[in-house]
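# Fold the following.
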Amino acid sequence: MHTVNPLISSANLVYRNIVAKVSALEPVALLIARFYVAWVFFASGLTKLRDWDSTLFLFEEEYSVPLLPYELAAYLGTAAELILPVLLVAGVASRFSALGLFVVNIVAVISLEDIAAAAYVQHVLWGTLLAQVVIFSGGRFALDRLIEHKLFNTKTSAV
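Residues are numbered from 1 along each chain as shown. Take a look at the predicted model:
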């Protein structure tokens with residue numbers, strides 16, 4: 001019976017060491033997620049700006065944005081795709097920015113009558129990454145952390 005306890009203790013120690021090393025990657029993973037999703041949406045916003053007539057046509061004929069006139073939907077969608085990614089990359093209002101892009105992502109999926117399977121999978125990936133930022137915040141490498149610390153004089157945790 002004495003041989004089981006040291007074995008369990010040893011396995012527990014190895015497990016805790018692995019968990020600590022993997023957990024140290026959380027801020028980096030959140031930073032990568034923020035940059036990747038921000039790049040995708042910002043590039044989409046720039047594409048809309050480059051050919052505004054085409055953007056308006058697509059919002060009028062192809063996208064079926066619920067409850068909004070197509071022109072307003074085009075302006076709001078493009079503005080969100082240009083402003084929110086900048087905030088997300090900087091880590092300013094990270095949760096708000098991620099939540100806003102999450103909504104844009106959902107509206108994009110439900111607005112298209114036919115969406116290719118590969119495009120749908122990409123939207124699911126983006127939604128998952130954005131949901132992580134909404135839940136966990138921007139992480140250690142976000143200006144939110146610095147602002148919170150300076151304004152409210154709070155201690156920042158290791159995450």
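# can we go C-alpha only for contacts and neighbour counts from here?
Fine.
# measure the residue nearest the centre of the chain to Ala29 for me?
The centre of the chain sits closest to Leu130, judged by CA atoms, centre = their mean, with a distance of 2.5 Å. Per CA to CA, to the nearest Å, Leu130 is found 12 Å from Ala29.
# Equivalent analysis for Leu13, please.
Leu13 is 25 Å from Ala29, by CA to CA.
# Next: Ile135.
14 Å.
# More neighbours: which of the two?
Neighbour count, other CA atoms under 10 Å: between Ile135 and Ala29, Ala29 has more, with 15 against 11.
# next helix or strand past the helix or strand the more buried one falls within?
For Ala29, the host element (DSSP states H and E) is helix 26-50. Sequence order places helix 52-61 as the next helix or strand after helix 26-50, per DSSP H and E.
# buried residues in that next one?
Thr55, Leu56, Phe59, Glu60 (16 or more other CA atoms under 10 Å).
# Stretch 28-44 too?
Within stretch 28-44, the residues scored as buried using 16+ other CA under 10 Å are Leu30, Leu31, Ala33, Arg34, Phe35, Val37, Ala38, Trp39, Phe41, Phe42.
# and these as CSV, adding distance to Val124 and pLDDT?
Converted to CSV, those look like this (distance: CA to CA, whole Å; pLDDT from 0 to 100):
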residue, distance to Val124, pLDDT
Leu30, 17, 95
Leu31, 19, 96
Ala33, 13, 96
Arg34, 15, 97
Phe35, 17, 98
Val37, 12, 98
Ala38, 15, 98
Trp39, 16, 98
Phe41, 14, 98
Phe42, 18, 98
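# Walking through this structure, point out its helices one by one.
Taking DSSP state H to define them, one finds helices in the chain at 4-23, 26-50, 52-61, 70-90, 94-111, 117-136, 143-152.
# Also compute the angle for the longest one relative to helix 70-90, please.
Using axes from the mean of the first three to the mean of the last three CA atoms, to 10 degrees, the inter-axis angle of helix 26-50 relative to helix 70-90 is 150 degrees.
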